[in-house]
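Colleague: here's a sequence, model it:
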Amino acid sequence: MSNDALSGEKRSRRNTRMLGKLVMMAVLMFGFGYSLVPLYEKICEITGINVLAVQENLNTKKANTQVDTSRLITVEFDANTTGPWRFKPAVASMQVHPGEMAQVVYEVINTQGRSMEAQAIPSYAPMQAAQYFKKMECFCFKQQTLGAKEARQMPVAFTIDPALPKNVTVITLSYTFFEVGLQAKPKAS
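Modeller: This is a model prediction of the structure:
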């Protein structure tokens, strides 16, 4: 056999081996890419850094074990005003379990033809209930600017601490809504 025939045969075997290696590499790369999705989801689930894993956790909501379903508290809502507006709760009362998240909406209408700054101050009855009434969102946290003739619905998101004494079955949440920043008019001499 000539040298050219041997080198051609060697080249052919090397090419066949290289083709086999390349095919094997392509299969391994495809397998790795295919396994990346479940691997990625598992890593994200463990670390809690992926939105997909968080959404799956939201879909499998666990019951809030801090809610005391053995008792109901009646929460009454009241509104007082000092100023030219209408202010009232959307509902007069609701019943909630201690530990349960609840929301009520207060409605306010500025009846003036001018913009006004206002503030709401809460009070509770019985007074001891104040320390157990936890607000997560409330229009009372900051001053409100109401435009001329503006109507607004303002939410209060709250929960009642399950440590509320058992003898308290009714809580009244009352807001006094008043105008702030009024300049006193000078008296005429």
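
Colleague: okay, CA-based contacts and neighbour counts for the rest of this
Modeller: Noted.

Colleague: where in this structure is pLDDT low?
Modeller: 1-6, 48, 50-65, 182-189 (pLDDT under 70).

Colleague: so where do the strands sit in it?
Modeller: With DSSP state E as the criterion, the chain has strands at 73-82, 85-89, 93-96, 102-110, 116-125, 133-138, 144-146, 151-160, 170-179.

Colleague: S12 is nearest to which of those?
Modeller: strand 133-138 (75.8 Å; Cα to Cα).

Colleague: buried set for that closest one?
Modeller: Across strand 133-138, burial judged by 16 or more other Cα atoms under 10 Å covers F133, K135, C138.

Colleague: show the contacting residues for E150.
Modeller: The contact partners of E150, by Cα atoms under 8 Å, 6 or more residues apart in numbering, come to I109, N110, T111.

Colleague: closest one of those to F158?
Modeller: Closest approach between those and F158, by Cα to Cα: I109, at 23.2 Å.

Colleague: what is the burial count for that closest one?
Modeller: 18 (other Cα atoms under 10 Å).

Colleague: now do the contacts for it.
Modeller: Here I109 is in contact with W85, R86, F87, K149, E150, A151, R152 (Cα under 8 Å, 6+ apart).

Colleague: just D78 next, same as before
Modeller: Taking Cα under 8 Å, 6+ apart as the test, what D78 contacts is K88, P89, A92, T172, L173, S174, Y175.

Colleague: which of those residues tops the neighbour count?
Modeller: Y175 (22 neighbours).

Colleague: tell me, how many residues neighbour the nearest residue to that residue once chain neighbours are set aside?
Modeller: Once flanking residues are discounted, Y175 sits nearest to P122: 4.5 Å by Cα to Cα, 6 or more residues apart in numbering. Look at P122: counted by other Cα under 10 Å, it has 15 neighbours.

Colleague: P122: what's it in contact with?
Modeller: By Cα under 8 Å, 6+ apart, the neighbours of P122 are C140, L173, S174, Y175, T176.

Colleague: ok, it to Y40 distance?
Modeller: Distance of P122 to Y40, given as Cα to Cα, to the nearest Å: 49 Å.

Colleague: before we move on, back to that, and the furthest pair within the contacts of D78?
Modeller: K88 and T172 (13.9 Å).
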